[in-house]
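Return atomic coordinates for the entry below.
(chains A and B, ligands or ions: 1)
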Amino acid sequence: MCVDDELLNTYLDDELQEPWRTQVQEHLGYCNACRQRLEQLRSLHQKLVDARLGDSEIKARQERVFAYFEKTRFPSTNKKMHIFRKKIQVKLVPALITSAAAFVVVFIGAFVLFGTNPQQGQEILPGVASPIDSAHIRQVTEVQKPSLDMFSLEQIVQHLDAMGYAVKLEVKAVTPLE
Amino acid sequence: MEIQSNDERAFKQVYEEVFPILMRVVYHVTNNQDLAEEICQEAFIRFFDKGMEFATLDDAKYWLIRVSKNLAINQVKRKAREQGMVEKLKKMPANHSNTSDGSQVLMEKETRKLVQEAIDQLPEKFRLVIVMKEYTDMDYKQIAQVLHISESNVKVRVYRARKMLESILSQE
Ligand SMILES: [Zn+2]
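This is a model prediction of the structure:
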């Protein structure tokens, strides 16, 4: 007797338990009709899979919704890095980088390791808030003045260096600076 | 690993992992990307704001799928009410056949559209199950858990949904 459609579907989804699984497998070994039917089901399954929403379509929306959460639920954590990244990137482009996709990430080890005193922070960072809880994270608000634009990258690095911070600059896709 | 939904790190981890799955499920259930995005956002807002604890990432995932599935169903129902069934039928293009001059890409696009429209025509309980089966990596048991139905129910609905899809697609 041939395998019914429901069983074949379950078999296709790899959800058929023993001993039925082996029985169906054996049957498929000699029954052309059931093999063909299984192929039909498989190709329908493939058609559906091929019609799935694409990764790139999802990614754009994933980022947009995430930006909403950054803004409304996590306003404190990422601001600092954003400001640094944006401003320093602008300074670096003419001076150091020819690559169009240049991108700078600044690691400020000392912030994380020691924390800073707010006065020092205020000199270089726009509006440094007080530590969130463990003095490990510093927040920069969107206050416009004073702006990092007022300083060159060298000045910023020198200043941080003078205050004893370890500053490491990395340029994405380019050999790291030393 | 326990997950606190309003802990920033945990939230981000769940978001990374679950958003694509959620977006895919909701899109294929609603047949509307913008609406799907809204629903996903709403689901994650609830997830965060409720400050819940989940034993595993999978539990968080199931919760999110369940919530957005409910949101999607409500939206689809509202949309149907607002538009009226006549409008809905009018929206379904009858000119599927004019693909003869299309390129391969166009044909693939057209096939995708046909398949999605076929899914859209399924009754809700079949649509949900087949979408979860084909567009997530969940097995029957997990789908049953999310939808609060039995595993054998999932099995039957997958089978029936495929049968309906076959018949819809063969009419095209
Ligand atoms: Zn047979």
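
What are the buried residues along the helix or strand of chain B with the lowest mean pLDDT?
Averaged element by element with mean pLDDT, DSSP states H and E, chain B has its least confident helix or strand at helix B:57-91 (a mean of 81). Counting neighbours by 16 or more other C-beta atoms under 10 Å in any protein chain shown, one finds that the buried residues in helix B:57-91 are B:57, B:60-65, B:67-69, B:71-73, B:75-76. The C-beta positions use only the backbone N, C-alpha and C, and glycine is treated the same way.

helices or strands up against that helix?
Under the contact criterion of 3 or more C-beta pairs under 8 Å, 6 or more residues apart in numbering or on different chains; DSSP states H and E, helix B:57-91 touches strand B:3-4, helix B:8-30, helix B:33-49, helix B:124-135, helix B:140-147.

Export the ones you listed as CSV, with columns for mean pLDDT and distance to the ion.
Below are the helices and strands packed on helix B:57-91 laid out as CSV (pLDDT from 0 to 100; distance: least, C-beta to the ion, whole Å):
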stretch, mean pLDDT, distance to the ion
strand B:3-4, 94, 47
helix B:8-30, 96, 32
helix B:33-49, 96, 41
helix B:124-135, 97, 24
helix B:140-147, 96, 23
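
Which among those is found nearest to A:Glu18?
For the helices and strands packed on helix B:57-91, the distance to A:Glu18 is smallest for helix B:140-147, at 15.9 Å, taking C-beta to C-beta.

Give me the phi and psi angles of B:Glu53.
Listed backbone geometry of B:Glu53 is phi -110, psi 130, with angles given as degrees, to the nearest 10.

Run through the residues that contact it.
When contacts are counted by C-beta atoms under 8 Å, 6 or more residues apart in numbering or on different chains, B:Glu53 is found next to B:Glu2, B:Ile3, B:Gln4, B:Ser5.

Is it bridged to anything, and to what?
When bridges are called by DSSP bridges, B:Glu53 pairs up with B:Gln4.

What distance do you get for it to the ion?
51 Å (C-beta to the ion, to the nearest Å).

and that residue, what pLDDT?
Confidence at B:Glu53, expressed as pLDDT, is 96.

which ones are touching the residue of chain B found nearest chain A?
With C-beta to the nearest C-beta, the shortest gap between chain B and chain A falls at B:Val115, namely 3.8 Å. In this structure, B:Val115 makes contact with A:Lys47, A:Leu48, A:Asp50, A:Ala51, B:Leu165, B:Leu169, judged by C-beta under 8 Å, 6+ apart.

Grab the nearest non-local neighbour of the second one.
When you say that, I think you mean A:Leu48. Using C-beta to C-beta, 6 or more residues apart in numbering or on different chains and skipping the chain neighbours, the partner closest in space to A:Leu48 is B:Glu134 (4.5 Å).

Please name the residues that touch that neighbour.
Under the contact definition (C-beta under 8 Å, 6+ apart), the residues listed for B:Glu134 are A:His45, A:Leu48, A:Val49, A:Arg52, B:His28.

between those residues, which is closest to the ion?
Distances from the contacts of B:Glu134 to the ion were compared by C-beta to the ion; the smallest belongs to A:His45, at 19.3 Å.

Would you check that the closest one makes contact with A:Leu12?
Yes: the pair A:His45 and A:Leu12 qualifies as a contact (C-beta atoms under 8 Å) at a distance of 6.6 Å.

residue contacts, the closest residue to B:Phe11 other than its chain neighbours?
For B:Phe11, ignoring the flanking residues on the chain, the nearest one in space by C-beta to C-beta, 6+ apart is B:Phe48 at 5.8 Å. With contacts defined as C-beta under 8 Å, 6+ apart, the neighbours of B:Phe48 are A:Phe69, A:Arg73, B:Ser5, B:Asn6, B:Phe11.

How about the residues of chain A by chain B?
Residues of chain A found near chain B (C-beta under 8 Å from any C-beta of the partner chain) are A:5-6, A:9-10, A:13, A:15, A:40-41, A:44-45, A:47-53, A:55, A:57-58, A:61-62, A:64-66, A:68-69, A:73-74, A:77.

What segments of chain A are helices?
Assigned by DSSP state H, chain A shows helices spanning A:5-12, A:20-30, A:32-50, A:55-72, A:79-96, A:109-114, A:118-124, A:153-162.
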